[in-house]
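Engineer: everything below, folded, please.
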Amino acid sequence: MHTIRGDQPEFQATKLGDFQAYLFTYSPDIVVLNETWLNKYISDGELISEKYYTLLRKDRTEKDMKLFNKKGGGGVSILCKNDIGVEIELVKAKTDLPIITILLKQKNLTPICISTFYRYDYSGIGYFNEAERYYTNLAKKFKNLTIIGDLNLSSVENWDTPTPVLCVDTTA
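Structural biologist: The predicted structure follows:
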C-alpha cells in the first residue's frame, strides 16, 4: 500500500533539516509541496538525495516575479519515493502557471495522474481561466486525475462575482 500524507507538517518552511527529518520519519511515497520558495540557486540535491526521492519542481520564474513585483515565493514540487515500484512520468504542461503534473504507471493498472497548482492570492480571473483550460484538457486525457494545490480562496473578496470553479465533470 502506498502512502500520500495529507497533513500539514508543523515545521517552518525555512528549516530544511525539519523537512528532511519529516521525510525520513514518515517516509511518504508521494509529497506535494506548494509555495516552495525554491529558485535556480537551490539544487535538488540540497533538498533530498536522489537515492531516496525523485524531485520534480517548477520554481517561480524571473518573469513572474517582475510581473507581480515579488522577490521570491511561489513554486510547486512533487517528490516521489524511488522504491515504490511505479514508473514516474512528467506530463508536459503547456502553461506558464505554477503547475506540475505527473503520471504514475504500474504494470496492469490504470495510470494515476497527480497534479499540483499554486494560485497566487493576487492573481486575477485570467489565471483561473488558464488553469481551467489546462485541467479541462488534462481530465479528457486521464481517467484517474487528482489535483492538489493551494488556491488561496480566502483572498477572494467578492463571492457574488462569478468565479470559475476549477471543477470538470468527465462523466457526461
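
Engineer: next, count neighbours for residue 142.
Structural biologist: By other Cβ atoms under 10 Å, the residues close to residue 142 number 18. Using the backbone N, CA and C atoms, a C-beta is placed for each residue, glycine as well.

Engineer: grab the nearest non-local neighbour of residue 141.
Structural biologist: Once flanking residues are discounted, residue 141 sits nearest to residue 113: 7.9 Å by Cβ to Cβ, 6 or more residues apart in numbering.

Engineer: that neighbour pairs with what?
Structural biologist: Counting by DSSP bridges, residue 113 is bridged to residue 103, residue 145.

Engineer: do a quick rundown of the strands in this protein.
Structural biologist: For the chain, the strands defined by DSSP state E occupy 30-34, 53-58, 76-81, 87-91, 99-105, 112-118, 144-150.

Engineer: which residues sit against the first one?
Structural biologist: With Cβ atoms under 8 Å, 6 or more residues apart in numbering as the contact definition, strand 30-34 has outside contacts at 2-5, 23, 53, 75-81, 98, 114, 116-118, 148-150.

Engineer: please pick the buried ones from those residues.
Structural biologist: 23, 53, 75-81, 98, 114, 116-118, 148-150 (16 or more other Cβ atoms under 10 Å).

Engineer: what are the buried residues along the helix-or-strand element of the chain with minimal mean pLDDT?
Structural biologist: Lowest on mean pLDDT, DSSP states H and E among the helices and strands of the chain sits helix 62-68, with a mean of 73. Of all the residues in helix 62-68, those buried under the rule 16+ other Cβ under 10 Å are residue 64.

Engineer: just the CA trace of that helix, in PDB.
Structural biologist: Only the C-alpha atoms of helix 62-68 are listed here, as PDB (Å, rounded to 0.1, in the frame of the first residue of the first chain):
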ATOM      1  CA  GLU A  62      12.000  35.800 -13.000                       C
ATOM      2  CA  LYS A  63       9.300  37.000 -15.500                       C
ATOM      3  CA  ASP A  64       6.600  36.100 -12.900                       C
ATOM      4  CA  MET A  65       8.400  37.900 -10.100                       C
ATOM      5  CA  LYS A  66       8.700  41.000 -12.200                       C
ATOM      6  CA  LEU A  67       5.100  40.800 -13.300                       C
ATOM      7  CA  PHE A  68       3.800  40.600  -9.800                       C
END
